[in-house]
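1. With the input below, show me the fold.
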Amino acid sequence: MAVVVRAGAAPLWWPGLVAAGIGALVPGVTGRRIGLLSGAALFLIALAVVAFARGGRYAGLVRGATRAGRNDVLQDRAVTVRFWRRGHRWWLLGAFLAAVASSFAVPAAAGMLLAGAGAGLWVKAVRIGRLEHREDVLYWVRTDWVRRGRPAGKQVGGYRTTGPVAGDAAPGGARRSR
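-> Next up, the predicted model:
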């Protein structure tokens, strides 16, 4: 489950930083100083909102988690990341282009907002990883329940658990070291 959360972190973080860097080069309507200061504020707000959004839903699903059965289909980390990124590539491209275009009005602000959302997803995945490490399990979402990359969406009826060495993902959704 943390893999799905973490899958969006890098595609938001890096384009956000690039868009903010491009925006810092453009003077913009409001000026660089106001753009960078408002971008820093938007970064912190986005980080906090994304990191702590739907925390109650995640906690409820974790409390109701059951052991994965033989009929549960659980995907590899690489497949999950690839599906998430393919499904969201046009939204990510549109967000990047909008962030660069908005730099002509408020330099770097939208890029910092994107980067803050990516950092918030990474923080959320780290929090889930600490929970997995503390409980000594990995939480999974059945592949037929996780539509559009939403591990706590309406279709998710509950999480499945496996031992900490199952699959190719470490707690928190990172790659397992070999």
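2. Which residues outside stretch 2-16 are in contact with it?
-> Contacts with stretch 2-16, where a contact means CB atoms under 8 Å, 6 or more residues apart in numbering, come from 77, 80-81, 84-85, 88, 92, 95-96, 99, 111-119, 121-122, 124-125, 128-129, 132, 139, 141, 146, 149-151, 169, 171-174. Placement of C-beta: from N, CA and C, glycine included.
3. Out of these, which end up buried?
-> By the neighbour-count criterion of 16 or more other CB atoms under 10 Å, the contacts of stretch 2-16 include these buried positions: 77, 80-81, 84, 88, 95-96, 99, 111-119, 121-122, 124-125, 128-129, 132, 139, 141, 146, 149, 151, 169, 171-173.
4. Mind checking which of the contacts of stretch 2-16 are in strands?
-> When DSSP state E defines the strands, the subset of these inside them is Y139.
5. low-scoring stretches of the protein, by residue?
-> Across the chain, the ranges flagged by pLDDT under 70 are 148, 167-168, 175-178.
6. Go ahead and confirm E132 touches G172.
-> Yes - contact criterion CB atoms under 8 Å: E132 and G172 qualify, at 6.8 Å.
7. ok so, going back, keep only those of the contacts of stretch 2-16 that are in helices.
-> 77, 80-81, 84-85, 88, 92, 95-96, 99, 111-119, 121-122, 124-125, 128-129, 132 (DSSP state H).
8. So what does the closest residue to V156 other than its chain neighbours have for phi and psi?
-> Spatially, and ignoring its direct neighbours in sequence, V156 is nearest to W145 (4.8 Å; CB to CB, 6 or more residues apart in numbering). Note on W145: backbone dihedrals following degrees, to the nearest 10 are phi -100, psi -30.
9. Run through the residues that contact the spatially most central residue of the chain.
-> Nearest residue to the geometric centre of the chain (CA atoms, centre = their mean): L121, 3.4 Å. When contacts are counted by CB under 8 Å, 6+ apart, L121 touches V5, R6, G8, A9, L12, V50, A51.
10. Repeat the analysis, applying 6 Å as the threshold.
-> Neighbouring residues of L121 by CB atoms under 6 Å, 6 or more residues apart in numbering: V5, G8, A9, V50.
11. likewise L36?
-> Going by CB under 6 Å, 6+ apart, L36 touches A108.
12. number of nearby residues for A2?
-> Residues near A2, counting by other CB atoms under 10 Å, number 26.
13. Next: R89.
-> R89 - counted by other CB under 10 Å - has 11 other residues nearby.
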